[in-house]
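# The sequence and its predicted three-dimensional model are supplied below.
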Amino acid sequence: MSESDIGLTLAESRSSPVLPPYDPDAPNVLVMVLDDLGFAQLGCYGSDIDTPNLDRLAARGLRFTNFHTTALCSPTRACLLTGRNHHRVGVGMLTDLPINFPGYTGRIPPSAGTLAQHLSAEGWATYAVGKWHLTPRDERAVGPYKTWPTGTGFDHYYGFLNGETNQWTPQLVRDQSYIEPPATPEEGYHLDADLADQAISYLRELRLADARRPFLLWYATGTPHAPHQAPPEWIDRYAGRFDRGWDAWREAVLARQKRMGIIPEDIALSDRPEWVQPWDRLDADLRRLYARMMEVYAGFLSHADHHIGRLLDHLERTGDLDNTVIVLISDNGSSAEGGPNGSWNQVRHYISDEPDDLDLELSHYDDLGGFRSSGHYPWGWALAGNTPFRRWKRYTFEGGVRDPMIISWPDGLPARGELRHQYCHVTDVMPTILDLVGMTPPNVLGGIEQMSFDGSSMRAVLDDAGAPEHRITQYYECWGSRAMYHNGWKAVTNHVNQLTAAERDAIAGSHDFADDRWELFNTVADPTESCDRAEQHPERLAELVRLWNEAADRNGVLPLDDTAINRMNHLYAPWMSLRSRYELVPGDKVHEATGPLQFGGYRAVAAFPGGVPADASGVICEQGDWISGWALFLAAGELRWVAVVNGREYRVAAPVPGQARFTGATVTPTGEGLFTVMLTADGTEIGRGDRPVPLPASWAPDGAFLTVGYGRPFPVCDDYEPPAPCPAAMKALTIDTGTPPPFDFDVEMARAMRHQ
């Protein structure tokens, strides 16, 4: 065949209907979601934290000053992906706590097609990298996979399914399988670097195969959500930067925001509430501690910005940058989940209401940001991060719902470095992207009739700074906090979030829906919600409350719930295993969602059919790490059970008698959440705990894996160095939960011999 024949054949094939139906001139789409980033924490929004790469993105496009989210991560992501209100698509709350009410199932229905599904149907290559948090807790172990990224329109996925993860040792997923990180923390591993590596790898692979196929990349960092963790050189560059404290920082940021035009000149800061301490009244040790916590946060954010810059640089090198629609948002305002004092171990706020121990916090000063820290800053810095607004994440005041958004597309949007002040909502982003790429969403997608959109395209606002408001109404509900926006006015309840003891005890407001009081604000003249107009305008307030009730009815907001306990009691988790016996072998790795429930007590027995070797060492089983976790292991012939709870270590140890065939631990409840621990060999006690141990219902917010016969990168204690494999003589591990049956040597031996 001649070259001309080949050319003719190729030309004919390009018009063939069997080819992928994509437009080679269509723009790529990059959606970036930062986690818990406050309105004021990027340089291009007035911060002094170094974010040069996101600032240059803003210089190539538009910054929005009146963009709103849902005040919480999973709901915002559901709105962003579907263009519909969060309750309406079943994600009115975190997908960790799905319940069997339409607004809270944690499962986006097929009738709410995602951005990825729409673009994939038109030929875009689709990739998701980073945090997902849109899969119900009971489906995170081994599926079903319909709510995983690969089940919602993405060709490939690399990241973590939970709301947060340790940046040094994340619970990683590739497509539909859990994997271990490609390197260790000691080798320099950090999740932000890994995510950028993977995103670049996906895009490079695509371009090697097809130079013009458009792509969608969902790039969602875990940063700057807790745990705040970063390489020390990134943290240390901020040494001394925040010594003047949060009050001075707020004033300085507001001044910069006014100079930049982000905030009108006549706007004052929202009041610092009484439960946030004035910086100048703190003692010197606490000022030093709190300043260091903010240094860690700043280093964490700058480090993430650096790796986002690597991704942008790659797009520039491949010639894709100018023809890529880039949208960057934060999913909610900055987080106050560190409480009034912050913590080196923020995990304890999820599993305990134990009061802060400031001496313990100060003793971990040098650990902050590093391998032995899972840190979070105090809520004074959260308030500052949302300058100039009121409150923070989980509240529907502006500090919870008003967030940064940057949109850039040099080939399609002429604006450079401009601001847009029109009101908009996260549901508007997906329709806007579809509009920009020239797609009219079909009424039927994948054979399923689609529900209507709640968002609408912002294209007119992108094209013209003087365009009229395209959205005038939006309801809000987050964990019981309610608000209604309409024509520049906003009604908000004074409901106090019930997640942490610190907020329940300290924050002024209502703890009962029946006692909630609605406040009223003119958000055009008073965006910081400083002047309640409810008494002056009762008719307007009544109208907004009526609108909220109507929206709640349409979107499935009811029933309201403000507690985690209620949701746990009503948990709808049909895929969760509730077995009382687990028969495991070395090498097994069991997700916490489907693993042994330990809060009713348990017995773990390891089988060594040929006898425990003399002086044996190695991990029998491990769950969690030195921040929060437990392990049963051998060390030089001694059996040891160690648990770390709320930063405190509990341990029991005893020598293993020679030639014992079974050895293990029985953990028995003693009341009020406390347990005693007995070590056994062949069913006989060899050691006992000398004091009760508090054990949590869950070891970690990212679903700590139970590993058998080895340890993950961080140990529970320094007695062993991961992976610390168990002796080859160990053949099986049996865990019985609740009240275990009597130990039967012959039955256990028969079970163990099956694994020989």
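Perfect, thanks for sending it.

# Only C-alpha atoms from now on, for both contacts and neighbour counts.
Fine.

# so what's residue 756 scoring on pLDDT?
If you check residue 756, the pLDDT there is 66.

# Where does residue 194 sit: helix, strand or coil?
For residue 194, the assignment made with DSSP: H, G, I helix; E, B strand; the rest coil gives helix.

# Mind jotting down where the helices sit in the stretch 551-700 of the chain?
564-569 (DSSP state H, counting those that start in this stretch).

# so where is the stretch 201-350 of the chain shaky, pLDDT-wise?
Judged by pLDDT under 70, the stretch 201-350 of the chain has no weakly predicted residues.

# now do the stretch 1-150 of the chain
Applying pLDDT under 70 to the stretch 1-150 of the chain flags residues 1-20.

# Please, which helix or strand holds residue 197?
In this assignment (DSSP states H and E), residue 197 forms part of helix 191-209.

# Quick one: list the elements packing against that helix.
If contacts are counted by 3 or more C-alpha pairs under 8 Å, 6 or more residues apart in numbering; DSSP states H and E, helix 191-209 sits against strand 125-131, strand 156-160, helix 284-317.

# Show residues contacting the helix or strand following that helix.
Next helix or strand after helix 191-209 toward the C-terminus (DSSP H and E): strand 215-220. Strand 215-220 has contacts (C-alpha atoms under 8 Å, 6 or more residues apart in numbering) with 27-35, 116, 119, 124-132, 199.

# Name the residues of whichever helix or strand comes after strand 215-220 that come out as buried.
Downstream of strand 215-220, the first helix or strand assigned by DSSP H and E is helix 232-236. Residues of helix 232-236 classed as buried by neighbour count (16 or more other C-alpha atoms under 10 Å): 234, 235.

# Tell me the helices and strands packed up against helix 232-236.
helix 284-317.

# If you count neighbours, what's buried in the helix it packs on?
Neighbour count says helix 284-317 has 286-315 buried, by 16+ other C-alpha under 10 Å.

# What of stretch 353-360?
Buried residues in stretch 353-360 (16+ other C-alpha under 10 Å): residue 356.

# and if you look at stretch 673-686?
Applying a neighbour-count criterion of 16+ other C-alpha under 10 Å, the buried positions in stretch 673-686 are 674, 675, 676, 677, 678, 679, 680, 681, 682, 683, 686.

# Let me see the contact set for the residue nearest the centre of the chain.
When C-alpha atoms, centre = their mean is applied to the chain, the residue found nearest the centroid is residue 163 (2.8 Å). By C-alpha under 8 Å, 6+ apart, the contact set of residue 163 is 73, 74, 131, 132, 133, 701, 702.

# As CSV, the residues you listed with neighbour count, secondary structure and distance to residue 754 would be great.
Output for those, formatted as CSV (neighbours: other C-alpha atoms under 10 Å; DSSP: H, G, I helix; E, B strand; the rest coil; distance: C-alpha to C-alpha, whole Å):
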residue, neighbour count, secondary structure, distance to residue 754
73, 27, helix, 46
74, 25, helix, 44
131, 26, strand, 40
132, 26, coil, 39
133, 25, coil, 39
701, 17, coil, 35
702, 21, coil, 33
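
# Among the residues you listed, which one lies nearest to residue 731?
Nearest to residue 731 among the contacts of residue 163, counting by C-alpha to C-alpha, is residue 702 at 28.8 Å.

# Might you report the residue contacts of the closest one?
Contact partners of residue 702, counting by C-alpha under 8 Å, 6+ apart, are 162, 163, 164, 165, 171.

# pretty sure the fourth one is touching residue 222, no?
Yes: with contact defined as C-alpha atoms under 8 Å, residue 165 counts as touching residue 222 (7.4 Å).

# between these two, which one's more packed in?
A count of neighbours by other C-alpha atoms under 10 Å puts residue 222 above the other of residue 165 and residue 222, at 28 against 25.

# one step back: with distance to residue 659 added, can I get the contacts of residue 163 in a markdown table?
Formatted as a markdown table, the contacts of residue 163 follow (distance: C-alpha to C-alpha, whole Å):
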| residue | distance to residue 659 |
| --- | --- |
| 73 | 53 |
| 74 | 52 |
| 131 | 48 |
| 132 | 48 |
| 133 | 48 |
| 701 | 40 |
| 702 | 39 |
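
# What's the separation between residue 207 and residue 32?
Residue 207 sits at a distance of 20 Å from residue 32 (criterion: C-alpha to C-alpha, to the nearest Å).

# same question, residue 124
In terms of C-alpha to C-alpha, residue 124 sits 17 Å off from residue 32.

# Next: residue 297.
Counting by C-alpha to C-alpha - residue 297 and residue 32 are separated by 19 Å.

# Would you work out how far apart the start and end of stretch 129-136 are?
Using C-alpha to C-alpha, the two ends of stretch 129-136 sit 18 Å apart.

# again with stretch 694-711
With C-alpha to C-alpha as the measure, stretch 694-711 spans 22 Å from end to end.

# so how far is that stretch from its chain's centroid?
18 Å (C-alpha atoms, centre = their mean, to the nearest Å).

# Show me which positions of that stretch end up buried.
Along stretch 694-711, these residues count as buried under the neighbour rule (16+ other C-alpha under 10 Å): 694-696, 698-711.

# tell me the SS of residue 521?
Using three-state DSSP, the structure places residue 521 in strand.

# Tell me who's in contact with residue 474.
425, 484, 485, 486.

# of those residues, closest to residue 452?
Minimum distance to residue 452 across these is 16.1 Å, recorded for residue 425 (C-alpha to C-alpha).

# who does the nearest residue to the closest one once chain neighbours are set aside bridge with?
Of all residues not flanking residue 425 in the chain, residue 68 sits nearest, at 4.7 Å (C-alpha to C-alpha, 6 or more residues apart in numbering). On the basis of DSSP bridges, residue 68 is bridged to residue 402, residue 425.

# Quick check, residue 68 in contact with residue 426.
Yes: using C-alpha under 8 Å, residue 68 is in contact with residue 426, at 6.1 Å.

# my read: residue 651 touches residue 645, true?
No: in this structure, residue 651 is not within contact of residue 645 by C-alpha under 8 Å, at 11.2 Å.

# Quick check on residue 329: phi, psi?
Residue 329 adopts backbone torsions of phi -140, psi 170, taken as degrees, to the nearest 10.

# measure it to residue 395 for me?
18 Å.
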